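K.L.:
Provided below are the primary sequence and the corresponding predicted coordinates.
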Amino acid sequence: MMPVLTVRELSASYRKNQVLNNVQFNIKPGTMTSIVGPNGAGKSTLLKVILELHPKLSGNVSFFGSTYNKSKSRIGYVPQRGSVDWDFPTNALDVVLMGLYGQIGWFKWPKKSDKEKALAALSQMGMADFADRQISQLSGGQQQRVFLARALVQDADLYFLDEPLAGVDAATERAIMDTLKVLKEKGRTVMVVHHDLQTVEDYFDHVLMLNRTVVAHGATKETFTKENIYRTYGGTLRWMGEKLG
């Protein structure tokens, strides 16, 4: 099967410091991949460079065998919650409708069917009762659910999520992971920047271990080993009470 994402010899810098060096990997369709690595490893930058939100120094990225511009209608993205201006005066329903602007057009009013799609996505995330609530009035977990609903309404084939579980409560974590599992079961492909190593094996069937370059990538059962964790994080990490290295 053709990869949904191919990354070749990708390098990038941030504030004059090189944070990605010769990154290479393929992502198969219908997989759910965790991107893990220490702070400063380039995980969020990798997503931004792939999605042309940050410039690259070198390398190539292709989606479904084509360019990002020709494929972006098939791609959904949920950025880190901390990167969003949650004081912007808008409600939850309007945030979700933003996910449809690529289909509606930026200068056209949403139709009734568009609002119905947005409400269905909010309902899927347990947020239908908050459709008219200002996003600044929502809790962190509720905000994250709204942003995931915005991605869901795009009905994409490939989803990127940057630490969607960071700082959320247990109920929201379950809701998000249940939603991503359903997407995978429908044949969609999901890539998630993830910080909790103890849930990698429970949540993801593939793992991409990154520390400025790809340390290891593959099926979680074969790839997420103590040796590869040590190679990715070094000897300062404790794993299940045991110091690696």
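P.N.:
Here it is on my side, so go on. These numbers were taken from a predicted model, which means no experiment stands behind them. Numbers count the residues shown, from 1 in each chain.
K.L.:
any weak-confidence spans in this protein?
P.N.:
By pLDDT under 70, the weakly predicted segments of the chain are 83, 86, 101-110, 235-245.
K.L.:
just the strands in it please.
P.N.:
All strands of the chain, identified by DSSP state E, fall at 5-14, 17-27, 32-36, 58-63, 75-78, 158-162, 189-193, 206-210, 214-219, 238-239, 242-243.
K.L.:
Check which helices and strands the fourth one sits against.
P.N.:
What it means is strand 58-63. On a contact count with 3 or more CB pairs under 8 Å, 6 or more residues apart in numbering; DSSP states H and E, strand 58-63 meets strand 5-14, helix 68-71. Every residue, glycine included, has its C-beta placed from N, CA and C.
K.L.:
Who are the packing partners of the last one?
P.N.:
Secondary structure elements in contact with helix 68-71, counted by 3+ CB pairs under 8 Å, 6+ apart, are strand 58-63.
K.L.:
The strand it packs on versus strand 17-27: what angle between them?
P.N.:
If you take axes from the mean of the first three to the mean of the last three CA atoms, to 10 degrees, strand 58-63 sits at 40 degrees to strand 17-27.
K.L.:
which outside residues touch stretch 39-46?
P.N.:
Contact with stretch 39-46 is made by 10, 12, 14, 19-20, 23, 35-37, 54, 80, 162-163, 193, 210-212, 232, as judged by CB atoms under 8 Å, 6 or more residues apart in numbering.
K.L.:
Endpoint to endpoint, it covers what distance?
P.N.:
Distance between the two ends of stretch 39-46: 13 Å, counting by CA to CA, to the nearest Å.
K.L.:
So for that stretch, what gets flagged as buried?
P.N.:
Going by neighbour count (16 or more other CB atoms under 10 Å), the buried part of stretch 39-46 is 41, 42, 43, 44, 45, 46.
K.L.:
if I look at the fifth one, how far off is residue 11?
P.N.:
Going back to what we said before, that points to residue 45. From residue 45 over to residue 11 the distance is 11 Å, taken as CB to CB, to the nearest Å.
K.L.:
repeat for the second one
P.N.:
Look at residue 42 and residue 11: by CB to CB, they are 10 Å apart.
K.L.:
and if you look at the first one?
P.N.:
Here residue 41 is placed at a distance of 14 Å from residue 11 (CB to CB).
K.L.:
out of the buried residues of stretch 39-46, which are inside helices?
P.N.:
Those of the buried residues of stretch 39-46 mapping onto helices are 43, 44, 45, 46, per DSSP state H.
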